[in-house]
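A.B. asks: Sequence and predicted model, in that order:
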Amino acid sequence: MPNTSYLCTNQRIVCMNIEQQRNYDWMRLLLSDVKNHFDKIKLGGGKKSIEKQKQKNKLTARERIQYLIDNDKPFVEIGAFAGFEMYPEYGGCPAGGTVAGIGYISGRQCVVVANDQTVKAGAWFPITGKKNLRMQEIAMENNLPIIYLVDSAGVFLPMQDEIFPDKEHFGRIFRNNARMSAKGITQIAAVLGACVAGGAYLPIMSDETIMAEGNGSIFLAGPYLVKAAIGEDIDAETLGGAETHNSISGIADYQFKTEQECLDKIKSIISKLGTPVQAGFNRIEAKQPSKSSDEIYSIMYANNAKPYNVVDLIECIADAGSFEQFKEDYGRTIVCGYARVDGWSVGIVANQRLIVKTKKGEMQMGGVIYNDSADKAARFILNCNQKKIPLVFLQDVTGFMVGSRSEHAGIIKDGAKLVNAVANSVVPKITIITGNSYGAGNYAMCGKAYDPRFIYAWPSAKIAVMGGGQAANTLLQIQMHGKNISETEQKELLEKIKSRYDKQTTPYYAAARLWVDDIIDPSDTRMVISEAIAAANNNADIPELRLGVFQV
């Protein structure tokens, strides 16, 4: 069988044709690039900065988290690519200067946020603030305990105007501390290094504060500023060290000689928390998917060049035999259906690319949303809200159908109906961007602006108003207007515009700005969905569904 290859997985031997093998190789190559970039990100400020950390008997942010969490359960990192290729004039800000995610501590699912002191002494860049606020948002939405591992020099002064005064800037952190406390969400801070200026409020506004002797310090102004302000000579330990705040000021609650002892205390505190009232999302014993997890790499065509059957993708994620389509033969450019993912009951809304016949021949429809598809998806979303079933959106969408036929049929009205249903949905929404995420399709399929509890991108994702080719040609026409430009100059200008635009559509660009929570391995899709629903299940406060006014 010369046109057949075999993939050996831990579940079975999978037969693939040449085209599937090409798809598989393309996706794996994209994933390899993601992993190579992530390996560099994990070094934070670099090997020299890590060595300085070690010389002070301090663990790195990643080592602290690794010690703290239960290693037999998943840890889902959030914002690993935050700040990617941003702030080159300052040497970059790997992972936004903060390592964070959702893991288990003493068997309890928690949010963990750790300053990375190797990145500009843990100083806060604008993206650092955005990432920390995102982690607090996750804790608040899902009623999860949040752990702060503090080691930061405070606001990065050269960019203070972009991190200090606005509503979603640095000060919002402390507002959230107060709001979470009022909601009864556990907050624990371990001060393992510096905690300076406004940042000093974070551990004190937490429920309990733990300090490491020798390295941990909390003060509004450090020794140099104290000297400049009031002429007092004092060292950091006397000014605001562990002994000072445990024995004199009473600000801290515990002190320990080592970081490991501090982290052990966190484990002990978490182990004693009461069980939260859960939302009650349905879960039964899980079954493995009918398709191997490795098969997920071979489904989407290289460069997303051809339509594929999204049901095949769903069968790599959903428990075997659990997927039941809703209105299967109606509105076929969106597939809707009930399924189970790792035992959890979910409603799936997925774009389906099709080949349609026109008067001029066959035409590929790249996940276009038609009137009937929008109508079907809106109805299905309402059904899931009625049944209290979490929603999973699988995005590969180029937008809504255009042209006189669609306009006369009321595509704007039907699109608005879908957007209304997504915006007002009260059950948790989890979004996975697998391919294209263009224009209003991004909104209708629960993009970042529509408050998904979690949103992830595959390495193949592209997020923009429209595709690079279309956008580049549109921008070219605008720039050429009224000018006499040669064909050669047109081509050069087009390529320059397209190159810039294409860079802005990559998952790296989106993840750097936290438009998505992370870029994930497609084979981890099932796991991140399951962990997302497990997190959401901790919040029993589900409001009543209200839709307001819309045209029927």
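C.D. replies: On my side now, so go ahead. All values reported here derive from a predicted model rather than from experimental measurement.
A.B. asks: and stretch 80-100, how far apart are its ends?
C.D. replies: 8 Å (CA to CA, to the nearest Å).
A.B. asks: buried sites along that stretch?
C.D. replies: Using 16 or more other CB atoms under 10 Å as the test for burial, stretch 80-100 gives 80-84, 86-87, 92-100. The C-beta positions use only the backbone N, C-alpha and C, and glycine is treated the same way.
A.B. asks: how close does residue 209 sit to residue 464?
C.D. replies: Per CB to CB, to the nearest Å, residue 209 is found 44 Å from residue 464.
A.B. asks: Other residues contacting the helix or strand hosting residue 349?
C.D. replies: According to DSSP states H and E, residue 349 maps onto strand 344-351. By CB atoms under 8 Å, 6 or more residues apart in numbering, the residues outside strand 344-351 that reach it are 281-283, 310, 313-314, 318, 323, 333-340, 367, 369, 377, 380-381, 383-384, 389-397, 435, 441, 445-446, 529-530, 533-534.
A.B. asks: average pLDDT across that strand?
C.D. replies: Here strand 344-351 scores 98 as its mean pLDDT.
A.B. asks: Can I get the buried part of the contacts of strand 344-351 as one ChimeraX selection?
C.D. replies: Remark: buried members of those, expressed as a ChimeraX selection using 16+ other CB under 10 Å:
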select :281,283,310,313,314,318,323,333,334,335,336,337,338,339,340,367,369,377,380,381,384,389,390,391,392,393,394,395,396,397,435,441,445,446,529,530,533,534
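A.B. asks: Distance from the host helix or strand of residue 491 to the middle of the chain?
C.D. replies: Element membership of residue 491 [criterion: DSSP H and E] is helix 487-505. Distance of helix 487-505 from its chain centroid, counting by CA atoms, centre = their mean, to the nearest Å, is 30 Å.
A.B. asks: For it, name the packing helices and strands.
C.D. replies: Applying 3 or more CB pairs under 8 Å, 6 or more residues apart in numbering; DSSP states H and E, one finds that helix 487-505 makes contact with strand 462-464, helix 468-480.
A.B. asks: Quick one: residues in contact with the longest helix along the chain.
C.D. replies: Across the chain, the longest stretch assigned as helix under DSSP state H is helix 18-41. For helix 18-41, contacts defined as CB under 8 Å, 6+ apart pick out 3-5, 7, 16, 80-81, 84, 94-95, 297-303, 459-460, 508, 519, 521-522.
A.B. asks: could I have it exported to CSV, CA atoms only?
C.D. replies: C-alpha atoms of helix 18-41 as CSV (Å, rounded to 0.1, in the frame of the first residue of the first chain):
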residue,chain,number,x,y,z
ILE,A,18,-0.6,10.6,2.2
GLU,A,19,-2.8,13.7,2.6
GLN,A,20,-3.4,12.9,6.3
GLN,A,21,0.3,12.3,6.8
ARG,A,22,0.9,15.8,5.3
ASN,A,23,-1.6,17.3,7.6
TYR,A,24,-0.1,15.5,10.5
ASP,A,25,3.4,16.7,9.7
TRP,A,26,2.2,20.3,9.2
MET,A,27,0.4,20.5,12.6
ARG,A,28,3.3,18.8,14.4
LEU,A,29,5.7,21.3,12.9
LEU,A,30,3.6,24.2,14.1
LEU,A,31,3.5,22.6,17.5
SER,A,32,7.3,22.1,17.5
ASP,A,33,7.7,25.9,16.9
VAL,A,34,5.4,26.6,19.9
LYS,A,35,7.4,24.3,22.1
ASN,A,36,10.7,25.8,21.0
HIS,A,37,9.5,29.3,21.9
PHE,A,38,8.1,28.1,25.2
ASP,A,39,11.4,26.5,26.1
LYS,A,40,13.0,30.0,25.8
ILE,A,41,10.1,31.6,27.7
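A.B. asks: got the buried residues for the helix or strand following that helix?
C.D. replies: Once the chain leaves helix 18-41, the next helix or strand it forms, by DSSP H and E, is helix 47-55. The neighbour-count criterion (16+ other CB under 10 Å) identifies 49, 50, 53 as the buried residues of helix 47-55.
A.B. asks: returning to what we had before: the helices and strands packed on helix 487-505: lowest mean pLDDT?
C.D. replies: Minimum mean pLDDT among those: helix 468-480, a mean of 67.
A.B. asks: remind me which residues of this protein are low pLDDT?
C.D. replies: 1-14, 355-366, 468-483 (pLDDT under 70).
A.B. asks: Quick test: name the residue nearest the centre of it.
C.D. replies: Central residue of the chain (CA atoms, centre = their mean): residue 517, 1.0 Å from the mean position.
A.B. asks: residues in contact with residue 159?
C.D. replies: 87, 90, 125, 126.
A.B. asks: Format these as CSV; extra columns: distance to residue 264.
C.D. replies: Shown next, in CSV, are the contacts of residue 159 (distance: CB to CB, whole Å):
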residue, distance to residue 264
87, 36
90, 36
125, 31
126, 34
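A.B. asks: Which two among those residues are spaced furthest apart?
C.D. replies: 90 and 126 (11.2 Å; CB to CB).
A.B. asks: follow-up on the earlier one: and residue 209 and residue 464? which has more neighbours close in?
C.D. replies: Using other CB atoms under 10 Å as the criterion, residue 209 and residue 464 rank with residue 209 on top: 26 against 20.
A.B. asks: that older thread, would JSON lines of the buried residues of helix 47-55 with distance to residue 190 be doable?
C.D. replies: Below are the buried residues of helix 47-55 laid out as JSON lines (distance: CB to CB, whole Å):
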{"residue": "49", "distance to residue 190": "21"}
{"residue": "50", "distance to residue 190": "20"}
{"residue": "53", "distance to residue 190": "16"}
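A.B. asks: and which of the residues you listed is nearest to residue 273?
C.D. replies: Among those, residue 53 lies closest to residue 273 (CB to CB), at 30.6 Å.
A.B. asks: residues contacting that closest one?
C.D. replies: Residue 53 neighbours (CB under 8 Å, 6+ apart): 59, 60, 117, 118.
A.B. asks: who wins for neighbours among those?
C.D. replies: residue 117 (28 neighbours).
A.B. asks: Is that residue in a helix, a strand, or coil?
C.D. replies: Judged by DSSP: H, G, I helix; E, B strand; the rest coil, the three-state class of residue 117 is coil.
A.B. asks: Run through the residues that contact it.
C.D. replies: Counting by CB under 8 Å, 6+ apart, residue 117 makes contact with 49, 53, 58, 61, 151, 152, 193, 194.
A.B. asks: try 10 Å
C.D. replies: Contacts for residue 117 (CB atoms under 10 Å, 6 or more residues apart in numbering) come out as 44-45, 49-50, 52-53, 56, 58, 60-61, 97, 123, 150-153, 192-194, 215.
A.B. asks: burial of the residue nearest to residue 255 when sequence neighbours are not counted, as a residue count?
C.D. replies: Once flanking residues are discounted, residue 255 sits nearest to residue 242: 4.0 Å by CB to CB, 6 or more residues apart in numbering. Residues near residue 242, counting by other CB under 10 Å, number 24.
A.B. asks: which residues touch residue 242?
C.D. replies: Contacts of residue 242 by CB under 10 Å, 6+ apart are 191, 210-218, 252, 254-257, 262.
A.B. asks: try residue 290
C.D. replies: Contacts for residue 290 (CB under 10 Å, 6+ apart) come out as 312, 314, 315, 316, 318, 319, 320, 321, 322, 323.
A.B. asks: Please repeat the previous calculation with a cut-off of 6 Å.
C.D. replies: 315, 320 (CB atoms under 6 Å, 6 or more residues apart in numbering).
A.B. asks: Give me the distance between the longest helix of the chain and the centre of its chain.
C.D. replies: With CA atoms, centre = their mean, you get 20 Å for helix 18-41.
A.B. asks: Return the set of buried residues in that helix.
C.D. replies: Across helix 18-41, burial judged by 16+ other CB under 10 Å covers 20, 21, 23, 24, 26, 27, 30, 31, 34, 37, 38, 41.
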